[in-house]
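Participant: Got a predicted structure here, sequence first:
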Amino acid sequence: MIQLRPAADRGHTQIGWLNSHHTFSFGEYRDPQQMGYRSLRVINDDRVIAGAGFGTHGHRDMEIVSYVLDGALAHKDSLGTGSVIRPGDVQRMSAGTGIQHSEFNASQTTPVHFLQIWILPDTVGLPPSYEQTNFPRETRLNRFRLIGDRAGAEGAVTIHQDVKLYSAILEPGASVTQALPAGRHVWLHVASGDAALGGHALREGDGVAIRGEPALDVSTAGGAELLLFDLA
């Protein structure tokens, strides 16, 4: 089964400094039919103007992954972490019993484009924690590279849930095949570019729920960056 979630159907928030599209219900965008997919709760596609961002605010009991597509994102939190996240970096923050953080565009001249992903943890009340790892472009080129999972396998960031998160960058004209474990639920997100899957033409921002398929065969004409969530 392949079920498309078109980019045009997403929720949308636009204020002076932020242009955000919501794959699932978030903030003032409420749709009872789009409350997430399995443990995947949020995919926000955020564009923030130069010098602006999200001031200090709190979270609890959520695995938060930040994935930068263009520009640079400056992070600070109540654990004392201060970092800049750039394309190729994956940040995982476990809110656990409570954490305060801020996320600002690190540049005073250019916008930043990033995905903020929330995954429900399998255990509540965890100690807050932070992790950031770089995955070079060549390790994700024309293949799905594991970037997050519960065990931190293959150098992936650790996510406190039964999930495997993969990233792929496809060159123009490339295709990739990924075997899908039986009994799992898969979500494919087109972070940028174009793709084709099972007769569906996909574009930036589209999401696809996949169930009961033995493999994922994706191709692109003009190039694409993809995220694949393998979920219990």
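Facilitator: Looks like it came in fine. Numbers count the residues shown, from 1 in each chain.

Participant: same question for the top strand by length along the chain, mean pLDDT?
Facilitator: Ranked by number of residues, the top strand in the chain under DSSP state E is strand 185-197. Strand 185-197 shows a mean pLDDT of 98.

Participant: now stretch 20-33
Facilitator: Mean predicted confidence for stretch 20-33 is 97.

Participant: outside of that stretch, which residues touch it?
Facilitator: 5, 7, 10-14, 34-37, 40-47, 189, 205, 207 (CB atoms under 8 Å, 6 or more residues apart in numbering). C-beta here means a position set from N, CA and C on the backbone, and glycine is covered the same way.

Participant: Weed out the non-buried ones from those residues.
Facilitator: Neighbour-count burial (16 or more other CB atoms under 10 Å) applied to the contacts of stretch 20-33 gives 5, 7, 10-11, 34, 36-37, 40-47, 189, 205, 207.

Participant: What about R140? Give its phi and psi, please.
Facilitator: Phi and psi for R140, reported as degrees, to the nearest 10, are phi -120, psi 0.

Participant: Equivalent analysis for A7, please.
Facilitator: Per degrees, to the nearest 10, the backbone of A7 is at phi -60, psi -40.

Participant: what's the spacing between it and H75?
Facilitator: Distance, A7 to H75, using CB to CB, to the nearest Å: 26 Å.

Participant: Please apply the same query to F144.
Facilitator: Counting by CB to CB - F144 and H75 are separated by 26 Å.

Participant: Likewise for N105?
Facilitator: Distance from N105 to H75, by CB to CB: 11 Å.

Participant: And those two? Which one has more around it.
Facilitator: N105 (24 against 20; other CB atoms under 10 Å).

Participant: Name all residues that make contact with the more buried one.
Facilitator: With CB under 8 Å, 6+ apart, N105 has these contacts: 48-53, 71-74, 111-112.

Participant: That one bridge partners, please.
Facilitator: Assessed by DSSP bridges, N105 has beta-bridge partners L73.

Participant: tell me the pLDDT at it?
Facilitator: 98.

Participant: How about R60?
Facilitator: At R60, pLDDT is 98.

Participant: OK, contacts around P214?
Facilitator: Going by CB under 8 Å, 6+ apart, the list of residues near P214 reads 179-180, 182.

Participant: about what we covered before: next step: the contacts of stretch 20-33 restricted to strands.
Facilitator: Short answer: the contacts of stretch 20-33 in strands (DSSP E) are 5, 11-14, 40-47, 189, 207.

Participant: what's the distance between I85 and E131?
Facilitator: With CB to CB as the criterion, I85 and E131 are 12 Å apart.

Participant: related to what we said a few turns ago, note down every partner strand of the longest strand of the chain and its orientation.
Facilitator: For strand 185-197, pairing defined by DSSP bridges yields strand 200-203 (antiparallel), strand 207-211 (antiparallel), strand 215-219 (antiparallel), strand 224-231 (antiparallel).

Participant: which one of these lies closest to P136?
Facilitator: strand 224-231 (13.9 Å; CB to CB).
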